[in-house]
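S.K.: this one's sequence-less:
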């Protein structure tokens, strides 16, 4: 079509046809070269056009990003608690096998497929570490013997993660094989660490469904997913003072900005900032499962308890 025959309504109609089924930024990416070309015809000497048909064209507006949820320590405690018969305690009703998987997951930050495909021979309890290699590929129902970045990584294990894995493996023949084919045809001589209540693989889709149903039963307003657990690990590690490069390596990210997308701003981070900047802050008692900052003592560093107010507030010393 000759350039001088393209009119603004034609461009608007084209953009409107592009919009359905596409993200707002995709439409803008497609439209941008055309707009640049039209502007170039005006700047050219002598100009090919005296006006751009792109003037006044309405593009889809950027959508505000919703805040991604993370699974906190409090959420984990509620989800893992099971009410006794006839009891009125609110709990997530997670089966003990899923509760163990969740406990391990939040303390390692694994991808859902890495958690599902983890075998017993990947664990080294003496060195307190796990080699992340096998991944369960749900779309093909196979084990892929390498992670997303195609390079194994070794990550440390907290005591609670070791405890969860030991409980999951107790009384089982660890050399029985997992019964799932490998994508490269190799033979398996180990077992999956975590299994569903029926003894099947903890597939990411089923795991997600279980977590969401547990949230509904436990009256947790935000439905968590396996990636919310992964974000919970990254945020917890950051609040405990682990440097971002270590978190990046543990999570298997190739770039630091990927890791930054997983970290949430929490109350512990706020208190840590106030303590670092030497601002007075309120003190409160914290339970064993609360997410603390880099240095739990930092919350009281440089402060004195106001005994007249029963220790409820602090003042700068």
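M.R.: Done, it's in. Everything quoted here is computed from the prediction, not taken from an experiment. Numbering: from 1, shown residues only.
S.K.: Tell me how many other residues crowd residue 195.
M.R.: Here the neighbour count serves as a burial measure; for residue 195 (other CB atoms under 10 Å) it reads 19. Glycine gets a C-beta too; all of them are placed from N, C-alpha and C.
S.K.: same question, residue 77
M.R.: Around residue 77 sit 16 other residues, with neighbours defined as other CB under 10 Å.
S.K.: Confirm it sits in a helix?
M.R.: Yes: the assignment for residue 77, made by DSSP: H, G, I helix; E, B strand; the rest coil, places it in a helix.
S.K.: So what touches whatever helix or strand residue 41 lives in?
M.R.: In this assignment (DSSP states H and E), residue 41 forms part of helix 24-43. Under the criterion CB atoms under 8 Å, 6 or more residues apart in numbering, residues 3, 6, 11, 15, 18-19, 22, 47-54, 57, 59-63 lie in contact with helix 24-43.
S.K.: Surely residue 189 and residue 174 touch.
M.R.: No: here residue 189 lies out of contact with residue 174, judged by CB atoms under 8 Å, at a distance of 9.1 Å.
S.K.: Between the two, which contacts overlap?
M.R.: residue 121.
S.K.: now residue 254, nearest residue through space, not along the chain?
M.R.: Nearest in space to residue 254, with sequence neighbours left out and distances taken as CB to CB, 6 or more residues apart in numbering, is residue 149 at 6.0 Å.
S.K.: Okay, that neighbour and residue 245: tell me how far apart.
M.R.: In this structure, residue 149 and residue 245 are 16 Å apart, going by CB to CB, to the nearest Å.
S.K.: Now do the domain split for the protein, please.
M.R.: Domain assignment of the chain by automatic domain parsing yields the ranges 1-64, 73-225, 267-316.
S.K.: now the longest one: how far from the chain's centre is it?
M.R.: If you compare the mean C-alpha spot of domain 73-225 with that of the full chain, they lie 15 Å apart, counting by CA atoms, centre = their mean, to the nearest Å.
S.K.: Could you do stretch 41-54 as well?
M.R.: Relative to the centre of its chain, stretch 41-54 is centred 48 Å away, using CA atoms, centre = their mean.
S.K.: Which positions in it come out as buried?
M.R.: When neighbours are counted by 16 or more other CB atoms under 10 Å, the buried residues of stretch 41-54 are found to be 49, 52, 53, 54.
S.K.: Same question for stretch 68-81.
M.R.: By neighbour count, with 16+ other CB under 10 Å as the criterion, the buried positions of stretch 68-81 are 69, 70, 71, 72, 73, 75, 76, 77, 78, 79, 80.
S.K.: measure it end to end?
M.R.: Distance between the two ends of stretch 68-81: 24 Å, counting by CA to CA, to the nearest Å.
S.K.: same question, stretch 95-113
M.R.: Distance across stretch 95-113, first residue to last, is 20 Å (CA to CA).
S.K.: How about stretch 166-175?
M.R.: Across stretch 166-175, the terminal residues are separated by 15 Å (CA to CA).
S.K.: Let the chain start at 303 from now.
M.R.: Will do, 303 is the new start, and the previous item becomes stretch 468-477.
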